[in-house]
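K.L.:
give me the fold of what follows.
(one chain, ligands or ions: 1)
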Amino acid sequence: MKYIIVAGARPNFMKVAPIMEAFRVRGQKQILLVHTGQHYDEKMSDNFFADLEIPRPNLNLEVGSGSHAQQTARVMTAFEDICIEHRPDWVVVVGDVNSTLACALAAKKLGIRVAHVEAGLRSRDMSMPEEINRLCTDAISDLLFTTDKMADENLQREGINKERIRFVGNTMIDTLLRNIDKALSMPLPTEFKAREYAVLTLHRPSNVDSKPKLTALFEVLIDISRLIPIVFPAHPRTRNNLHQFGLEDTIHDSQINVIAPLSYLPFIGLTARSRLVFTDSGGIQEETTVLGIPCITMRPNTERPITCTMGTNILVGSEPERIRTAVLATLNASPRKNMLPEKWDGNAAMRIVDVLLADPAVLSEPTQENTPPQKWNGDTDVQIVEVVLNEHSVSS
Ligand code: UD1
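P.N.:
Got it, this is the predicted structure:
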């Protein structure tokens with residue numbers, strides 16, 4: 001059997017690392033690692049391969065940036081050639097970026113079986129490009145590996161045969177657990193002491209591409225930085241927009257310390273010793289849940305509701321007053337107790353590889369869709385919550 005594993009953008013690298021390692025442990029040699037080149041900077045890509053000791057990709061498609069259609073089309077065209085040349089039995093894609101969907105589509109149309117790692121997550125927000133990527137990738141994948149049981153339910157509600165779904169746990173958490181000691185040995189930026197700073201990440205187009213929205217967000221974050229200084233490893237998209245919207249000088253004069261994007265180990269080291277995190281990322285909601293660090297998510301919804309119900313995550317949207325209230329509540333409260341979601345135990349990649357190596361014959365047949373799709377009632381599983389000052393719990 002021959003497998004192609006695809007990685008394209010920053011949040012993919014920590015998901016493929018343990019899968020590559022699990023294949024190595026099981027003695028499987030017929031593996032090609034393909035990097036689509038969606039992310040190409042040293043800071044957004046190469047440093048992650050070094051930190052996570054991922055073997056150098058066998059092939060780099062070097063597609064770079066572009067509009068969604070351009071990027072997706074470039075990956076599809078280049079990846080189709082790779083599939084024709086190498087004829088893998090399986091293509092394994094992870095996450096929800098443009099490269100995930102593009103490679104799944106190209107492979108599937110050539111009759112190659114596709115496995116999707118991190119399947120079934122749903123924000124119900126079709127304005128997010130990632131939600132479109134998730135839905136379309138799941139619809140055509142032969143095997144769907146999920147991180148929690150809510151994802152299994154989402155998939156079955158969409159009519160996907162449960163034989164195609166395997167609840168295996170979370171490969172991003174495999175990587176976190178494997179690297180936490182190394183991450184904690186990374187130095188903090190000199191001016192910061194453990195638990196006396198907050199970390200900010202912000203890059204969703206819905207937050208950073210509009211001048212009024214980004215300005216309003218930074219107004220409140222600058223205010224908050226007077227209470228607790230903020231370290232902000234800025235994504236290239238956000239840094240460009242801060243420059244274009246003329247916000248750089250105001251931020252420079254504040255207690256927000258803008259730094260270059262960090263690679264994996266320094267970022268986890270910084271996050272694990274922070275007092276709280278502000279983010280609009282998906283993966284960081286999961287990492288903070290495991291680390292027990294309060295996470296204030298500046299989005300109206302999440303595809304990872306388990307981080308709110310079991311973890312440390314609070315959804316606040318992008319309303320300045322909600323953000324301010326959540327921060328005050330967090331700073332005044334003793335830390336919320338987090339619980340570890342089932343199977344977030346460091347062994348997800350091994351479970352995935354064991355399923356793939358068993359190569360379930362049943363999946364080579366066209367799947368009988370036996371579950372009629374149920375109507376979705378329009379409610380997200382987790383709504384924005386009102387945060388009540390000085391209380392640990394939140395009410396909706
Ligand atoms: C992509 C993913 C998003 C993920 C994010 C993590 C999609 C639809 N989005 O969004 O899910 O959370 O990555 O970072 O796939 N750029 C660089 N250097 C790079 C990569 C990008 O400077 O190495 C610049 C690009 O030129 C572009 C901007 O950053 O201007 C955005 O990059 P792009 O890959 O289009 O989307 P992300 O916002 O990074």
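K.L.:
dihedrals phi and psi, Leu200?
P.N.:
phi -120, psi 130 (degrees, to the nearest 10).
K.L.:
residue ranges in the stretch 151-300 of the chain under the pLDDT threshold?
P.N.:
Across the stretch 151-300 of the chain, nothing is flagged by pLDDT under 70.
K.L.:
and the residue of it nearest the ligand?
P.N.:
Pro236 (3.3 Å; C-beta to the nearest ligand atom). Quick note: C-beta positions are derived from backbone N, CA and C, even for glycine.
K.L.:
give the contact list for that residue.
P.N.:
When contacts are counted by C-beta atoms under 8 Å, 6 or more residues apart in numbering, Pro236 is found next to Asp41, Met44, Pro261.
K.L.:
by neighbours, which of those residues wins?
P.N.:
For the contacts of Pro236, neighbours were counted by other C-beta atoms under 10 Å; the highest total belongs to Pro261, with 20 neighbours.
K.L.:
so what's it up against?
P.N.:
By C-beta under 8 Å, 6+ apart, the contact set of Pro261 is Arg10, Asp41, Lys43, Met44, Pro233, Ala234, His235, Pro236.
K.L.:
on the three-state scheme, Asn154 is what?
P.N.:
Following DSSP: H, G, I helix; E, B strand; the rest coil, we place Asn154 in the helix state.
K.L.:
surely it touches Arg124?
P.N.:
No - using C-beta atoms under 8 Å, Asn154 makes no contact with Arg124, being 9.4 Å away.
K.L.:
higher neighbour count, those two?
P.N.:
When neighbours are counted by other C-beta under 10 Å, Asn154 and Arg124 differ, and Asn154 comes out ahead with 24 against 14.
K.L.:
quick check: the more buried one vs Glu163, distance?
P.N.:
To Glu163, Asn154 is 16 Å away according to C-beta to C-beta, to the nearest Å.
K.L.:
what are the contacting residues of the longest strand out of those in the chain?
P.N.:
Using DSSP state E, we find that the single longest strand of the chain is strand 113-119. With contact meaning C-beta under 8 Å, 6+ apart, strand 113-119 is reached by 15, 19, 89-96, 100, 104, 107-108, 134, 137-138, 140-147, 151, 155, 165, 170-172, 352, 356, 363-364.
K.L.:
ok, so of the contacts of Pro261, who is nearest His203?
P.N.:
Checking the contacts of Pro261 against His203 with C-beta to C-beta, the nearest one is His235 at 3.6 Å.
K.L.:
correct me, but the closest one touches Pro205?
P.N.:
No - using C-beta under 8 Å as the test, His235 is too far from Pro205 to be in contact (10.9 Å).
K.L.:
per-residue confidence at Thr36?
P.N.:
Note for Thr36: predicted pLDDT of 98.
K.L.:
and if you look at Asn370?
P.N.:
Here the pLDDT value assigned to Asn370 is 39.
K.L.:
and for Gly378?
P.N.:
On pLDDT, Gly378 comes in at 41.
K.L.:
return the distance of stretch 183-197 from the chain's centre.
P.N.:
Put simply, stretch 183-197 sits 23 Å off its chain's centre (C-alpha atoms, centre = their mean, to the nearest Å).
K.L.:
oh, that last question was meant for stretch 262-277, not what I typed.
P.N.:
Averaged C-alpha coordinates place stretch 262-277 at 15 Å from its chain's average position (C-alpha atoms, centre = their mean).
K.L.:
does that stretch reach the ligand?
P.N.:
No - against the ligand, stretch 262-277 shows no contacts by C-beta under 6 Å from any ligand atom, the least distance being 11.9 Å.
K.L.:
in stretch 192-206, what counts as buried?
P.N.:
Under the neighbour-count criterion of 16 or more other C-beta atoms under 10 Å, stretch 192-206 has Phe192, Tyr197, Ala198, Val199, Leu200, Thr201, Leu202, His203, Arg204, Ser206 buried.
K.L.:
the residues you listed in strands, which ones?
P.N.:
Among the buried residues of stretch 192-206, DSSP E puts Ala198, Val199, Leu200 in strands.
K.L.:
any chance of these in TSV, plus distance to Gln30?
P.N.:
Formatted as TSV, those follow (distance: C-beta to C-beta, whole Å):
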residue	distance to Gln30
Ala198	46
Val199	40
Leu200	43
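K.L.:
out of these, which is nearest to Ala333?
P.N.:
Here the nearest of those to Ala333, counting by C-beta to C-beta, is Ala198; it sits at 14.8 Å.
K.L.:
what residues are bridge-paired with the closest one?
P.N.:
For Ala198, the beta-bridge partners under DSSP bridges are Ile230, Leu276.
K.L.:
try Arg166
P.N.:
In beta-bridge terms (that is, DSSP bridges), Arg166 pairs with Phe145.
K.L.:
list the contacts of it.
P.N.:
Applying C-beta under 8 Å, 6+ apart to Arg166 gives the contacts Leu143, Leu144, Phe145, Thr146, Arg351, Ile352, Val355.
K.L.:
without its sequence neighbours, what residue ends up closest to the fifth one?
P.N.:
Right, Arg351. Closest residue to Arg351 apart from its sequence neighbours, by C-beta to C-beta, 6 or more residues apart in numbering: Val168 at 4.0 Å.
K.L.:
wait, the one you found sits on Ile352?
P.N.:
Yes - contact status for Val168 versus Ile352: in contact at 5.3 Å, counting by C-beta under 8 Å.
K.L.:
shared neighbours of the two, which are they?
P.N.:
Counting by C-beta under 8 Å, 6+ apart, the residues touching both Val168 and Ile352 are Phe145.
K.L.:
could you pull out the strands for the chain?
P.N.:
Secondary structure of the chain by DSSP E: the strands cover 3-7, 31-35, 59-60, 90-94, 113-119, 143-146, 165-167, 198-200, 230-233, 256-259, 276-279, 295-297, 313-315.
K.L.:
show me what counts as buried in stretch 230-246.
P.N.:
Along stretch 230-246, these residues count as buried under the neighbour rule (16+ other C-beta under 10 Å): Ile230, Val231, Phe232, Pro233, Ala234, His235, Thr238, Arg239, Asn241, Leu242, Phe245.
K.L.:
quick one: the fourth one and Asn257 touch, right?
P.N.:
No - using C-beta under 8 Å, Pro233 is not in contact with Asn257, being 9.5 Å away.
K.L.:
how about the residues of the stretch 1-150 of the chain by the ligand?
P.N.:
Within the stretch 1-150 of the chain, the residues that sit near the ligand (C-beta under 6 Å from any ligand atom) are 9-11, 38-41, 44-45, 65, 96-98, 129-130.
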